[in-house]
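*Asks:* A structural model of the following input is requested.
(one chain, ligands or ions: 2)
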Amino acid sequence: MGGVMDKAVFPAGAYCRAVEQIIAAGRRMDRFGWVPATAGNISIRLPDGNLAITRSGGHKGLLGADGVICVDAAGRPRAAGDRPSAETLLHCQIYAHDPQAGAVLHGHSVASTVLSRLGGDALVLDGYEVQKVFAGQTTHAARVRVPIFDNDQDIARLSGVVAPHLDGMRAGYIIRGHGVYVWGADMDTALARLEGLEFLLACELEERKLR
Ligand SMILES: CSC[C@@H](O)[C@@H](O)C(=O)COP(=O)(O)O
Ligand SMILES: [Zn+2]
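*Replies:* Ligands and ions are numbered 1, 2, ... in the order given. Next up, the predicted model:
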């Protein structure tokens, strides 16, 4: 398989840049331990409305150019036989709901997995300076609600449960015992939000251990 710049595989400049950014994001998420085994998926919205998204099943910290494929806005692979992320529909849903969304990240951190298994339908973050990484947040003195949805292997059904909650979601969401979904206008913003959210979840976990 050719490299990222192999024009036979990736003819368009925007797609090439997206592939490079997705590979770099996967490495960064792996450094933090958020994509164990084959966990996690990553996408970027392309200027033509298609998505560059990780292929299903690979290690997201070890992605090569052939680990990223192109799907349309409904998640259908552009090349016959390509198998996009099993959770592609959740990416499509975010892009469809938020015209500003340019990149979506999904990881399986220990903190998101453990905290969401403790119960409840949301985690409320309150009083942390880092909350300001989320859209519209200008102070630590605010409550940021991160919804938790029960895990479901039927992704279409899961997306139906998530749908009514997407309006006003500032920090992304958590799937119980599974991981987080975070997005932003571009990959840098999405990564900053993911890093911010994971930092806050790690703080929450540490605090609960001390109680
Ligand atoms: C290690 S199993 C994880 C998967 O079931 C899934 O939740 C996941 O995040 C990765 O699936 P993928 O199809 O590779 O995008
Ligand atoms: Zn997952």
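
*Asks:* From here on, just use CA atoms for contacts and neighbour counts.
*Replies:* OK.

*Asks:* quick one: low-confidence parts of the protein?
*Replies:* Scanning the chain for pLDDT under 70 picks out the ranges 1-11.

*Asks:* So which bits of it are right by ligand 1?
*Replies:* For the chain, the contact set with ligand 1 under C-alpha under 6 Å from any ligand atom comprises 37-41, 56-58, 85-87.

*Asks:* Need the phi and psi values for the closest residue to Val68 other than its chain neighbours.
*Replies:* Leaving aside its sequence neighbours, Val68 sits nearest to Thr54 (C-alpha to C-alpha, 6 or more residues apart in numbering; 4.4 Å). The phi/psi pair for Thr54 (degrees, to the nearest 10) reads phi -70, psi 140.

*Asks:* Thr54 reaches Ala86, doesn't it?
*Replies:* No. With contact defined as C-alpha atoms under 8 Å, Thr54 does not reach Ala86; the gap is 9.7 Å.

*Asks:* Which one of those two is surrounded by more residues?
*Replies:* Taking other C-alpha atoms under 10 Å, Thr54 and Ala86 do not tie; Thr54 has more neighbours (32 against 15).

*Asks:* Including secondary structure, could the residues of the chain next to ligand 1 go into JSON lines?
*Replies:* Below are the residues of the chain next to ligand 1 laid out as JSON lines (DSSP: H, G, I helix; E, B strand; the rest coil):
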{"residue": "Ala37", "secondary structure": "coil"}
{"residue": "Thr38", "secondary structure": "coil"}
{"residue": "Ala39", "secondary structure": "coil"}
{"residue": "Gly40", "secondary structure": "coil"}
{"residue": "Asn41", "secondary structure": "strand"}
{"residue": "Ser56", "secondary structure": "coil"}
{"residue": "Gly57", "secondary structure": "coil"}
{"residue": "Gly58", "secondary structure": "coil"}
{"residue": "Ser85", "secondary structure": "coil"}
{"residue": "Ala86", "secondary structure": "coil"}
{"residue": "Glu87", "secondary structure": "coil"}
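
*Asks:* of the residues you listed, buried ones?
*Replies:* 39-41, 56-58, 85, 87 (16 or more other C-alpha atoms under 10 Å).

*Asks:* hey, which helix is longest across the protein?
*Replies:* Secondary structure of the chain per DSSP state H: the longest helix is helix 187-210.

*Asks:* ok, now which ones touch the residue most central in space within the chain?
*Replies:* Among the residues of the chain, the one closest to the centroid is Leu105, at 1.8 Å (C-alpha atoms, centre = their mean). Contact analysis of Leu105 by C-alpha atoms under 8 Å, 6 or more residues apart in numbering lists 40-43, 181-183, 190-191, 194.

*Asks:* hmm, 7 Å instead?
*Replies:* By C-alpha atoms under 7 Å, 6 or more residues apart in numbering, the contact list for Leu105 reads 41-43, 181-183, 190.

*Asks:* so which helix or strand takes in the residue lying closest to it once chain neighbours are set aside?
*Replies:* Excluding its sequence neighbours, the residue lying closest to Leu105 (C-alpha to C-alpha, 6+ apart) is Ile42, at 4.8 Å. Under the criterion of DSSP states H and E, Ile42 resides in strand 41-45.
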